[in-house]
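Trainee: Okay, structure incoming, though there's no sequence with it:
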């Protein structure tokens with residue numbers, strides 16, 4: 001799957017203001033071994049990436065100044081999209097906390113509208129023995145919030161949300177594309193904490209593990225009519241049952257999008273899709289009624 005062809009998440013639960021996931025107000029519309037985080041790769045010039053500012057100015061990945069990041073966001077249409085939501089007064093902030101923690105904020109007053117935390121990591125292709133690690137952009141956190149929305153009702157929010165998203169995922173994706181190209185990354189990856197995060201990213205990403213991809217597609221195939229919000233809530237409630245009538249959990253896994261031709265062919269091979277189809281034929285899912293979990297707990 002080509003890179004952008006068409007978000008430490010557990011910390012979110014302890015950081016209320018950062019708990020909303022990006023663009024989660026959008027409706028559903030679409031047809032593992034654990035990852036080991038690697039050290040940051042050396043700078044393109046032979047030094048280290050993400051050097052702390054020496055001139056008083058933050059530079060993302062040691063390269064991009066605030067003015068440059070602003071121009072890239074503007075060119076991608078991010079500021080225009082935010083202004084359309086009523087935030088013409090938005091401003092950009094860059095924060096450097098460490099080599100592994102650099103943040104891009106767009107704020108309006110004291111409100112965070114957009115929070116992006118990116119890393120450049122060496123990705124280990126564990127399903128392709130012998131394949132060398134490659135530099136990918138890791139989308140460690142991607143949050144958009146629309147705190148002025150007139151439709152903030154608890155029943156319309158996704159798990160983890162406190163406000164709807166801004167609906168600007170495509171514009172932010174274009175921005176990340178430019179940034180990834182600029183640092184020489186061969187793609188990007190993300191580990192979605194919630195099902196609805198995966199729905200959003202699946203517009204441009206696939207799960208690296210074909211079994212995880214089949215699981216996701218099987219959920220969509222069998223439960224589409226319930227909508228992404230209800231499905232995501234049902235995962236939180238333990239109400240998604242498999243073909244053996246056993247509850248299944250949402251297990252985060254790496255989703256990847258690539259920009260390199262050779263990497264594209266290797267990752268999304270015929271064997272990958274054959275394994276996805278084979279697994280899809282084996283699995284089935286249904287959504288149990290809202291009182292299912294309570295009944296199951298009472299029966300124990």
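Mentor: Now that the structure is in, tell me what you want to look at. A quick note: this is a predicted structure, and the numbers were derived from the prediction, not measured.
Trainee: Strands along the stretch 101-250 of the chain, start to end?
Mentor: Ranges of strands in the stretch 101-250 of the chain, per DSSP state E, counting those that start in this stretch, are 101-108, 111-123, 134-144, 187-190, 206-207, 240-242.
Trainee: Pipe the ones you listed into a markdown table and attach mean pLDDT, mean neighbour count and distance to residue 178 per row.
Mentor: Yep, even glycine has a C-beta here, placed from its N, CA and C like the rest. Shown next, in a markdown table, are those (pLDDT from 0 to 100; neighbours: other C-beta atoms under 10 Å; distance: least, C-beta to C-beta, whole Å):
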| stretch | mean pLDDT | mean neighbour count | distance to residue 178 |
| --- | --- | --- | --- |
| strand 101-108 | 91 | 20 | 13 |
| strand 111-123 | 92 | 22 | 12 |
| strand 134-144 | 91 | 24 | 11 |
| strand 187-190 | 93 | 24 | 12 |
| strand 206-207 | 96 | 24 | 22 |
| strand 240-242 | 97 | 19 | 37 |
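Trainee: Tell me where the chain is predicted with low confidence.
Mentor: 1-56, 151-162, 292-300 (pLDDT under 70).
Trainee: What are the boundaries of the helices in it?
Mentor: 66-75, 78-84, 169-182, 195-201, 210-223, 227-237, 261-267, 270-282, 292-299 (DSSP state H).
Trainee: Out of the ones you listed, which is closest to residue 139?
Mentor: helix 169-182 (6.8 Å; C-beta to C-beta).
Trainee: What helices and strands are in contact with the closest one?
Mentor: When contacts are defined as 3 or more C-beta pairs under 8 Å, 6 or more residues apart in numbering; DSSP states H and E, helix 169-182 packs onto helix 66-75, helix 78-84, strand 111-123, strand 134-144, strand 187-190.
Trainee: would you list those in TSV and tack on distance to residue 228?
Mentor: Below are those laid out as TSV (distance: least, C-beta to C-beta, whole Å):
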stretch	distance to residue 228
helix 66-75	27
helix 78-84	21
strand 111-123	21
strand 134-144	16
strand 187-190	17
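Trainee: nearest to residue 256, of those?
Mentor: Across the helices and strands packed on helix 169-182, closest to residue 256 is strand 187-190 (C-beta to C-beta), at 4.6 Å.
Trainee: Pull up the pairing partners for that closest one, direction included.
Mentor: Next to strand 187-190 in the sheet, as set by DSSP bridges, lie strand 134-144 (parallel), strand 255-258 (antiparallel).
Trainee: and the angle from the longest one to strand 101-108?
Mentor: For the pair strand 134-144 and strand 101-108, the angle between their directions (axes from the mean of the first three to the mean of the last three C-alpha atoms, to 10 degrees) equals 30 degrees.
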